[in-house]
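Asks: Mind looking at a prediction? Sequence and model below.
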Amino acid sequence: MHLPEHLRENLRKPLGELLEDSEITKDVILKKIGHDPFLITVGDATTEKMIDFGIVPSLQVVDSLEKRQQRDLPEGLAKISLRCNNPAAEITDECINVIKQAFGMDKPVRIIVQGEEDLLLLPVVFFAPEKSIAMYGQPNEGLVIVKINEEIRNKVKSSWML
């Protein structure tokens, strides 16, 4: 599915609580997410930051890009690595199926996206287990923490599923 331009504008607003870059520490993150949550990270820098803090995300969605520049994949533990293709400004059925599959696997799982992972936050949030937490970077601002519940799923559904 190619995302129309008017919906892309809506997605530039944080989906959850925005922590400014200057506020992000391991202690602040643990206070916000609790200990040992089902944590999902979308983005290489976000995944790497959590791993550097000693917090291993249950699901990691990465694409070897940061601000459209090539970078190394974050180092870290993943029991299972999956791959999918997702062009910029799209959400492919292939990636949706891989995301659904990942939630049923032994954790931690890493999904390596060929293309762009940004919009995959939407199906991740939609299909994530209740009370899990998703994190992603808000470019040049900070880190967004999304607590998964019915309200956030409805918000995602209205912006994603047309």
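Replies: Sure, I can see it.
Asks: show me the contacts for residue 37.
Replies: Neighbour list for residue 37: 131, 132, 133 [criterion: Cβ atoms under 8 Å, 6 or more residues apart in numbering]. For glycine as for every other residue, the C-beta is placed from the backbone atoms N, C-alpha and C.
Asks: does it count as helix, strand or coil?
Replies: Following DSSP: H, G, I helix; E, B strand; the rest coil, we place residue 37 in the coil state.
Asks: What score does it have for pLDDT?
Replies: In this model, residue 37 is scored at 89, pLDDT.
Asks: For the residue nearest to the spatial centre of the chain, give me its contacts.
Replies: By Cα atoms, centre = their mean, the chain has its centre lying nearest to residue 42, at 2.3 Å. Each residue near residue 42 by Cβ under 8 Å, 6+ apart is listed here: 61, 117, 118, 120, 121, 124, 134, 135, 136.
Asks: Between these, which sits nearest residue 146?
Replies: Lowest distance from residue 146 to these (Cβ to Cβ) belongs to residue 134, with 4.3 Å.
Asks: The closest one contacts residue 127, correct?
Replies: No - counting by Cβ atoms under 8 Å, residue 127 is not a contact partner of residue 134; they are 10.8 Å apart.
Asks: Name the residue in the two with the higher neighbour count.
Replies: Between residue 134 and residue 127, residue 134 has the larger neighbour count (other Cβ atoms under 10 Å), namely 25 against 15.
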